[in-house]
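Enquirer: Provided below are the primary sequence and the corresponding predicted coordinates.
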Amino acid sequence: MFGRIQLYIIAGILIFSAMTAFYYNWRKGIEREALLEYNQNQIEQSIKDQEILKQQIEDISAKKAEIEADNIAEKKTFNDKLQLITNNLNLKSVTDTDRPSSKILKDTVSKLKDVVK
């Protein structure tokens, strides 16, 4: 029924199929390893980027706190000066010599006030 040639052809087809399956399996394994390595590198880079971003955020927060502290100190200094000026204006010796200002002085001050802006 089966001749020797037909048996060799069937054996050749089976061997060729097995070799082809082995080759594609081997190639798929290499592709999988390359993809895993790429993903690992991406994850490591993402972690490094997150650490850099975290450090930058901490630096910004520290700078913000420093600026806020400076603003508070400047505001306190300004309020102290304003209080000192207010106290000086409210002294009895100043209020006793107080008199209405002239129209020319009022106009000059209002003009200067508009120029400063």
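Expert: Thanks, I have it.
Enquirer: I'd like the next helix or strand past the helix or strand bottoming out on mean pLDDT in the chain.
Expert: Across the helices and strands of the chain, mean confidence by mean pLDDT, DSSP states H and E is lowest for helix 92-96: a mean of 67. Using DSSP states H and E, the helix or strand that directly follows helix 92-96 along the chain is helix 103-116.
Enquirer: what comes up buried for that next one?
Expert: In terms of neighbour count (16 or more other CB atoms under 10 Å), helix 103-116 has no buried residues at all. Quick note: C-beta positions are derived from backbone N, CA and C, even for glycine.
Enquirer: contacting residues around that helix?
Expert: Counting by CB atoms under 8 Å, 6 or more residues apart in numbering, helix 103-116 has no neighbours from elsewhere in the structure.
Enquirer: Go ahead and measure how far the lengthiest helix in the chain is from the middle of the chain.
Expert: Ranked by residue count under DSSP state H, the longest helix found in the chain is helix 4-89. A distance of 14 Å separates the centroid of the chain from that of helix 4-89, by CA atoms, centre = their mean, to the nearest Å.
Enquirer: Repeat that for stretch 81-93.
Expert: With CA atoms, centre = their mean as the basis, stretch 81-93 stands 47 Å off its chain's centre.
Enquirer: What about Lys64, how many residues nearby?
Expert: Using other CB atoms under 10 Å, Lys64 has 10 neighbouring residues.
Enquirer: Could you tell me the model confidence score at it?
Expert: If you check Lys64, the pLDDT there is 94.
Enquirer: Check Ala34 too.
Expert: 97.
Enquirer: any idea how far it is from Arg99?
Expert: 92 Å (CB to CB, to the nearest Å).
Enquirer: Which of those two has more residues huddled nearby?
Expert: A direct count of neighbours by other CB under 10 Å for Ala34 and Arg99 places Ala34 higher, at 10 against 5.
Enquirer: Could you measure from the more buried one over to Tyr23?
Expert: 17 Å.
Enquirer: With Ile60 instead?
Expert: Ile60 is 55 Å from Tyr23, by CB to CB.
Enquirer: any idea how far Ser17 is from Arg4?
Expert: For Arg4, the distance to Ser17 - CB to CB - is 20 Å.
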